[in-house]
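> Starting from these lines, generate the structure:
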Amino acid sequence: MKKLYRIYLILLTMTLLLSLMTVSAFAVSDMWTVAQSIIVDVYSKIAGISTVLAGLMSAVAVIGAKLSNNQHKVDQAWDWLKRIWIAWAIINGIGAFIAYIAPLFNGLATLTP
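All right, here's what the predicted structure looks like:
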């Protein structure tokens, strides 16, 4: 009887320790929702940085064009200004494209067993 009591006590202690050492993991959302939030967060940071840099580089190009006395350098500055704004429009156009097209694909990125 004493041996059975000891085995029972060991099993109960192991069950208690196992329950205390178990880590509960609660998923807030599925993989697609998390990926969507990461993409939106990263893109918003890229768009913000590109806007600030486009404004800064535009100011540098305009100042370079206005202060230069060489026509070739003035033309180069205006060409750079065009390239800066085209690149900015493309970067923000990608975000607009994703914002308007992504809702059309809702429900398509699901895995069904």
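> contacts, neighbours, all on C-alpha from now
Will do.
> quick one: what helix or strand has the spatially most central residue of the chain in it?
For the chain, the residue nearest the mean C-alpha position is residue 42 (2.7 Å; C-alpha atoms, centre = their mean). In the assignment (DSSP states H and E), residue 42 maps to helix 31-67.
> Repeat that for residue 77.
Assigned by DSSP H and E, residue 77 falls in helix 71-101.
> From the chain's centre, how far out is that helix? Work that out for me.
Mean C-alpha position of helix 71-101 versus that of the full chain (C-alpha atoms, centre = their mean, to the nearest Å) differs by 22 Å.
> one step back: buried stuff in the helix holding residue 42?
43, 47, 50-51, 54-55, 57-58, 61-62, 64-65 (16 or more other C-alpha atoms under 10 Å).
> same for that helix, what does it pack against?
helix 71-101 (3 or more C-alpha pairs under 8 Å, 6 or more residues apart in numbering; DSSP states H and E).
> Return the list of helices and strands in contact with the helix it packs on.
helix 31-67.
> tilt between the helix it packs on and helix 71-101?
Counting by axes from the mean of the first three to the mean of the last three C-alpha atoms, to 10 degrees, helix 31-67 lies at 160 degrees to helix 71-101.
> got a pLDDT number for residue 75?
Predicted confidence (pLDDT) for residue 75: 91.
> Can you give me every residue that contacts the nearest residue in space to it that is not next to it in sequence?
Sequence neighbours aside, residue 65 is the residue nearest to residue 75 in space, at 7.6 Å (criterion: C-alpha to C-alpha, 6 or more residues apart in numbering). Contacts for residue 65 (C-alpha atoms under 8 Å, 6 or more residues apart in numbering) come out as 73-75, 77-78.
> Please identify which helix or strand holds residue 23.
Here residue 23 is assigned to no helix or strand, by DSSP H and E.
> That one and residue 15, how far apart?
14 Å (C-alpha to C-alpha, to the nearest Å).
> Thanks again, I'm all set now.
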